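1. Just need the structure, nothing else, for what follows:
(one chain, ligands or ions: 2)
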Amino acid sequence: MPHRPFMLGLAGDSGAGKTTISTGIARLMGQERTTNICVDDYHKYDRKQRAERNITPLNPACNHMDILEQHVRLLAMGEPILKPIYNHSTGTFDPPVYVPPPRAVSDGNRMIPRVVVLEGLLTLFSPAMRERYHLKVYVDPEEELRREWKIKRDVAKRGYTPEQVVADIERRMPDSQAYIWPQKEHADIVVRFYRPLGYDPERPGTLSVRIKLKHSLPRLDLTEVLHSAYEDEPTVLRLETRKEADILDISGGLSPEKAAVFERLIWEQLGPHAEHFNPELIGTFWDKGGHSYPLALSQLIIAYYLVHMREQAVQHGVLSYA
Ligand SMILES: Nc1ncnc2c1ncn2[C@@H]1O[C@H](COP(=O)(O)OP(=O)(O)OP(=O)(O)O)[C@@H](O)[C@H]1O
Ligand SMILES: O=C(CO)[C@H](O)[C@H](O)COP(=O)(O)O
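-> Numbering: from 1, shown residues only. Ligands and ions are numbered 1, 2, ... in the order given. Presented below is the predicted three-dimensional model:
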């Protein structure tokens, strides 16, 4: 009887869109079956202590990496953890919370595995963590977009002024380059939102996405949708096979009709898990209560690979059943 959860590791710099992606994945795969862990909770120092020590939260030395590794292992084994909490409103720590074991739940006929999503600055940093995930994703928007997103979010939700956020981004840059960006090399999937030609900043839902898929991933058959795209809208969807990876480009100009065909196609390849998934609430992001088809499809594609990579791991005996 399978007890061990689907394990997804999602990394990227601050404001890159990790929470936005993982929120949609939880909605898609079932919020009641998903445990979402934000790795910010494992900061070693509070905001004041970081300022005193002149250390950024991007530095592994500023985080309890050993406890994080231990918790990733426990969660992967379907065990509970007592998780710290970092509070972004106060800049200090709240009392820890008990996170129940992510064990499979029964739907009457069979067991449905739970999902654990670990998202944060350093989730792909150490081999001890990487080896526990079925799928590793790195979120890598255009740097200008990331800055814009971070400034808006930190001002609206974390009490900073725009000047403070800009100064902080600059101060963090050496650590971004030293610790965060290199994690991209370890990802199975790299998701890059970018501004297409003629992009209107008032319509963030029209951002395009480029998804880099490592050749080690199982094949997602996109023939039908790529073929229909090429006939009438040649630039809306593109799949290019390169030496190091496949590159899937989804334009923000995708019509709702084509997005629906694309969604159905992935859906059909999800296998029996699809019946427990809910595609209705994917693709939303916080700014202006927006919706984006490239975001929705990215979330669906990640879920597809997560399901299939776990299946492969089980088949190859990498994961045993508890
Ligand atoms: N695909 C997207 N399209 C439009 N806006 C987006 C997208 N992804 C993220 N954003 C915007 O960027 C902001 C930051 O995103 P999010 O909170 O998901 O980043 P994060 O990587 O989790 O950040 P942190 O690690 O600092 O908590 C969001 O509030 C949202 O408005
Ligand atoms: O890079 C970050 C990830 O969200 C935050 O800045 C970090 O977690 C510290 O938080 P705060 O700025 O609220 O003290």
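
2. do you know how far L8 is from M29?
-> As for L8, its distance to M29 is 9 Å (criterion: Cβ to Cβ, to the nearest Å). Just so you know, the C-beta spots here come from the backbone N, C-alpha and C atoms, and that holds for glycine as well.

3. Now the common contact residues for those two.
-> Shared contacts of L8 and M29 (Cβ atoms under 8 Å, 6 or more residues apart in numbering): V115.

4. residues contacting the residue in the stretch 101-250 of the chain that ligand 2 sits nearest to?
-> Closest residue of the stretch 101-250 of the chain to ligand 2, Cβ to the nearest ligand atom: R158 (4.8 Å). By Cβ under 8 Å, 6+ apart, the contact list for R158 reads 88-89.

5. I'd like the next helix or strand past the strand or helix carrying D94.
-> In this structure, D94 sits in strand 92-99 according to DSSP states H and E. Once the chain leaves strand 92-99, the next helix or strand it forms, by DSSP H and E, is strand 105-106.

6. Run the chain-centre distance for that following strand.
-> Computed by Cα atoms, centre = their mean, to the nearest Å, the separation of strand 105-106 from the middle of its chain amounts to 25 Å.

7. Can you name the next helix or strand after that strand?
-> In N-to-C order, the element after strand 105-106 by DSSP H and E is strand 111-112.

8. Show me the shaky parts of the stretch 101-250 of the chain.
-> Scanning the stretch 101-250 of the chain for pLDDT under 70 picks out 228-234.

9. Helices of that one, start to end?
-> Taking DSSP state H, counting those that start in this stretch, the helices of the stretch 101-250 of the chain run over residues 127-130, 143-157, 162-175, 223-232.

10. wait, what's in contact with R114?
-> 5-6, 33-35, 102-105 are the contacts of R114 under Cβ under 8 Å, 6+ apart.

11. Dump those residues into JSON lines; add distance to F93 and neighbour count as well.
-> Listed next are the contacts of R114 as JSON lines, based on distance: Cβ to Cβ, whole Å; neighbours: other Cβ atoms under 10 Å:
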{"residue": "P5", "distance to F93": "26", "neighbour count": "24"}
{"residue": "F6", "distance to F93": "29", "neighbour count": "26"}
{"residue": "R33", "distance to F93": "28", "neighbour count": "18"}
{"residue": "T34", "distance to F93": "24", "neighbour count": "21"}
{"residue": "T35", "distance to F93": "20", "neighbour count": "18"}
{"residue": "P102", "distance to F93": "23", "neighbour count": "27"}
{"residue": "R103", "distance to F93": "28", "neighbour count": "17"}
{"residue": "A104", "distance to F93": "32", "neighbour count": "19"}
{"residue": "V105", "distance to F93": "31", "neighbour count": "14"}
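
12. any idea which of those is closest to L135?
-> F6 (8.1 Å; Cβ to Cβ).

13. can you pull up the bridge partners for that closest one?
-> Assessed by DSSP bridges, F6 has beta-bridge partners V115.

14. which one is the residue nearest the centre of the chain nearest to, not counting chain neighbours?
-> Closest to where the C-alpha atoms of the chain average out (Cα atoms, centre = their mean) is L10, at 4.1 Å. With Cβ to Cβ, 6 or more residues apart in numbering as the criterion, L10 has its nearest non-adjacent residue at 4.1 Å, and that residue is E119.

15. try P113
-> Using Cβ to Cβ, 6+ apart and skipping the chain neighbours, the partner closest in space to P113 is A104 (4.8 Å).

16. so the one you found touches I112, yeah?
-> Yes: judged on Cβ atoms under 8 Å, A104 makes contact with I112 at a distance of 6.1 Å.

17. For whatever residue of the chain ends up closest to ligand 2, which residues are in contact?
-> The minimum distance from the chain to ligand 2, using Cβ to the nearest ligand atom, falls at S14 (3.3 Å). In this structure, S14 makes contact with 58, 121, 150, 172, judged by Cβ under 8 Å, 6+ apart.

18. Quick check: residues of the protein near ligand 2?
-> Neighbours of ligand 2 within the chain, by Cβ under 6 Å from any ligand atom: 14, 40, 47, 57, 88, 91, 121, 158.

19. In three-state terms, label S14 for me.
-> Secondary structure for S14, judged by DSSP: H, G, I helix; E, B strand; the rest coil, is coil.

20. Let me know how buried D140 is, in neighbour terms.
-> Using other Cβ atoms under 10 Å, D140 is surrounded by 24 other residues.

21. beta partners for the closest residue in space to it that isn't next to it in sequence?
-> Spatially, and ignoring its direct neighbours in sequence, D140 is nearest to R192 (4.9 Å; Cβ to Cβ, 6+ apart). Taking DSSP bridges as the rule, R192 bridges to R210.

22. So V225 sits against L237, correct?
-> Yes: with contact defined as Cβ under 8 Å, V225 reaches L237; the gap is 6.4 Å.

23. Overlap in contacts, these two.
-> With Cβ under 8 Å, 6+ apart as the test, V225 and L237 both reach 258, 262.

24. Could you report the distance from G317 to ligand 1?
-> Per Cβ to the nearest ligand atom, to the nearest Å, G317 is found 34 Å from ligand 1.
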